[in-house]
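Enquirer: Pasting the sequence and the predicted coordinates here, then a few questions.
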Amino acid sequence: TSGRTPLMAGNWKMNLNHLEAVALVQKLAWTLSDKKHDHDAVEVVVVPPFTDLRSVQTLVDGDRLKLKYGAQDVSVHESGAYTGEISAAMLAKLGVSYVVVGHSERREYHGESDAVVNAKARAALGAEMTPIVCVGEGLEVRKAGEHVAYTVAQVDGSLAGFSAEEVAGLVIAYEPVWAIGTGEVATPEDAQEVCAAIRARIREVHGDAAADGVRVLYGGSVKAANVAGIMVKEDVDGALVGGASLQADEFGGICRFY
Ligand code: PEP
């Protein structure tokens, strides 16, 4: 009873062409309506590749589906000579409501620093979309017992210069890198420990309204079978789901965790 609406976001990564995307969203919509899913009680977001967004928009608008959709990345630039980049305005024009920024795969394979993540989150906000800011430690940091300090520092850097009001509306995803796509799930206690530390830090820097409003998700090998144990934790407001979001039944089960 935190007053925060739980959020389940499915990051498809570089999978599914636009036809497969439409098929998955249709199947997900059927699954959710079958389960009598209450979209006001638990927000459902799919995060397809850029090339699927127009098709997903057409389907969501045409069938008046209640699910929302997001993008996996955004340019820090507004427009101009940036070949291959996609701007926040372009995404907003396609009805995108969320933008994942700083996913560990972007940080690792594309060298995205907290400063870049910060600029991307800023760009998303500037086009009235909600950033899902990803943070989380790798295995070495976890083994050294420095996961809380490391993750909280990423939050500080990624949200530097944001107002309390902006932070209140944000989504932060805690994704321990060692638990992504490995089948290795952090325990509910592990998830709670870091999600609580993130919220405590936000309370310290931005105040109560920001800390009580910001939604903190857990991500890393979440499945229908393990989601409930994570969701009972006080500071976990939802999940960022990779692999399991590519199957309608599985992701539908995650959305219907309660
Ligand atoms: C992710 O990459 O955001 C993720 C959580 O992946 P998976 O669920 O496959 O571990």
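Expert: Thanks, I have the structure now. Numbering: from 1, shown residues only.
Enquirer: The residue of the stretch 151-258 of the chain found nearest the ligand: neighbouring residues, count only.
Expert: Nearest to the ligand in the stretch 151-258 of the chain, going by Cβ to the nearest ligand atom, is Gly242, at a distance of 2.2 Å. For the C-beta atoms, the positions are set from N, CA and C on the backbone; glycine is no exception. Per other Cβ atoms under 10 Å, the neighbour tally for Gly242 reads 21.
Enquirer: Equivalent analysis for Trp30, please.
Expert: 12.
Enquirer: Can you tell me, leaving aside adjacent residues, what's nearest to it?
Expert: Ala248 (7.6 Å; Cβ to Cβ, 6 or more residues apart in numbering).
Enquirer: And Arg256, by the same measure?
Expert: In this structure, Arg256 finds its nearest non-sequential neighbour in Lys35, 4.6 Å apart by Cβ to Cβ, 6+ apart.
Enquirer: Look up how far Cys255 lies from that neighbour.
Expert: 8 Å (Cβ to Cβ, to the nearest Å).
Enquirer: Show me the helices in the stretch 151-258 of the chain, by range?
Expert: 164-168, 188-206, 208-213, 227-231, 248-255 (DSSP state H, counting those that start in this stretch).
Enquirer: Show the contacting residues for the residue of the stretch 151-258 of the chain closest to the ligand.
Expert: By Cβ atoms under 8 Å, 6 or more residues apart in numbering, the residues touching Gly242 are 10-11, 13, 180-181, 219.
Enquirer: Please repeat the previous calculation with a cut-off of 6 Å.
Expert: Contact analysis of Gly242 by Cβ atoms under 6 Å, 6 or more residues apart in numbering lists 11, 181.
Enquirer: where along the stretch 1-150 of the chain do the strands fall?
Expert: For the stretch 1-150 of the chain, strands defined by DSSP state E, counting those that start in this stretch occupy the ranges 7-11, 43-47, 68-71, 98-101, 130-135.
Enquirer: Quick one: those strands as JSON lines, columns for distance to Lys223 and mean neighbour count too.
Expert: Formatted as JSON lines, these follow (distance: least, Cβ to Cβ, whole Å; neighbours: other Cβ atoms under 10 Å):
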{"stretch": "strand 7-11", "distance to Lys223": "12", "mean neighbour count": "26"}
{"stretch": "strand 43-47", "distance to Lys223": "16", "mean neighbour count": "25"}
{"stretch": "strand 68-71", "distance to Lys223": "21", "mean neighbour count": "24"}
{"stretch": "strand 98-101", "distance to Lys223": "20", "mean neighbour count": "25"}
{"stretch": "strand 130-135", "distance to Lys223": "19", "mean neighbour count": "27"}
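Enquirer: Please name whichever of the ones you listed is nearest to Asp212.
Expert: Among those, strand 7-11 comes nearest to Asp212, with 15.4 Å by Cβ to Cβ.
Enquirer: what does the closest one rub up against?
Expert: Contacts to strand 7-11, defined as Cβ under 6 Å, 6+ apart, come from residues 43-47, 215, 238-242, 245, 251, 254-255.
Enquirer: Which pLDDT value does the model give Glu184?
Expert: Predicted confidence (pLDDT) at Glu184: the value is 81.
Enquirer: near the ligand, which residues of the stretch 101-250 of the chain show up?
Expert: Residues of the stretch 101-250 of the chain lying near the ligand by Cβ under 6 Å from any ligand atom: 175, 180-181, 219-222, 240-244.
Enquirer: Can you tell me how far the residue lying closest to Ala179 once chain neighbours are set aside is from Val42?
Expert: In space, and not counting its chain neighbours, Ala179 is closest to Gly220: 2.9 Å by Cβ to Cβ, 6+ apart. Applying Cβ to Cβ, the value for Gly220 to Val42 is 19 Å.
Enquirer: Who has more neighbours out of those two?
Expert: Applying other Cβ under 10 Å to Gly220 and Val42 shows that Gly220 carries more neighbours, namely 27 against 19.
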